[in-house]
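Undergrad: Sequence first, then the predicted structure, then my questions.
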Amino acid sequence: MHWILIVVFMKLKKIRAYDSLHCPRMSYLRATRYYLRDEAHYLGRKDVDPMKFDLIDVDPASDPKQNNGNDCGVCALTTASLVVYQRPVTFQPAEIQNARDQLQLVFLDFALHLQQQG
């Protein structure tokens, strides 16, 4: 299994793929566009036409790269965090362990929060 990240920028009308193994991803972008079209139809959103959204399949070399077969989930989650906070999506394979540690703390904090909620 391999994780990639698809980000839909609704206001900008763009769909962007991030893949730390730099695999072909145009089929994922198209599938996302069709999913959004079907969802808009289901919700009765005639003001949204995902078929007009730009599919952004940039040079894979611009995406952060993992150097093994284990870090794609960490890369996808780290990239998602950077996109949400509108920060540059740049990190090196050497930074993955630090990102893994930070994600672990986030998940542990969330688990503790759920425990306290009862």
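TA: Arrived safely, thanks for sending. Numbering: from 1, shown residues only.
Undergrad: And the helices in the chain?
TA: Applying DSSP state H to the chain gives helices spanning 26-43, 72-84, 96-117.
Undergrad: For the first one, buried residues please.
TA: When you say that, I think you mean helix 26-43. 28-29, 32-33, 36, 40 (16 or more other C-beta atoms under 10 Å). The C-beta positions use only the backbone N, C-alpha and C, and glycine is treated the same way.
Undergrad: Could you do the longest one as well?
TA: Within helix 96-117, the residues scored as buried using 16+ other C-beta under 10 Å are 96, 99.
Undergrad: if we can go back for a sec, format the buried residues of helix 26-43 as TSV; extra columns: pLDDT and distance to Gly69.
TA: Shown next, in TSV, are those (pLDDT from 0 to 100; distance: C-beta to C-beta, whole Å):
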residue	pLDDT	distance to Gly69
Tyr28	94	19
Leu29	96	23
Thr32	97	24
Arg33	96	29
Leu36	96	30
Ala40	95	36
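Undergrad: List just the nearest of the residues you listed to Gln66.
TA: Tyr28 (17.4 Å; C-beta to C-beta).
Undergrad: Verify the stated contact: that closest one with Arg16.
TA: No - using C-beta atoms under 8 Å, Tyr28 is not in contact with Arg16; the gap is 10.7 Å.
Undergrad: can you tell me how far Arg33 sits from Phe110?
TA: As defined by C-beta to C-beta, to the nearest Å, Arg33 lies at a distance of 32 Å from Phe110.
Undergrad: Cool, thanks, signing off.
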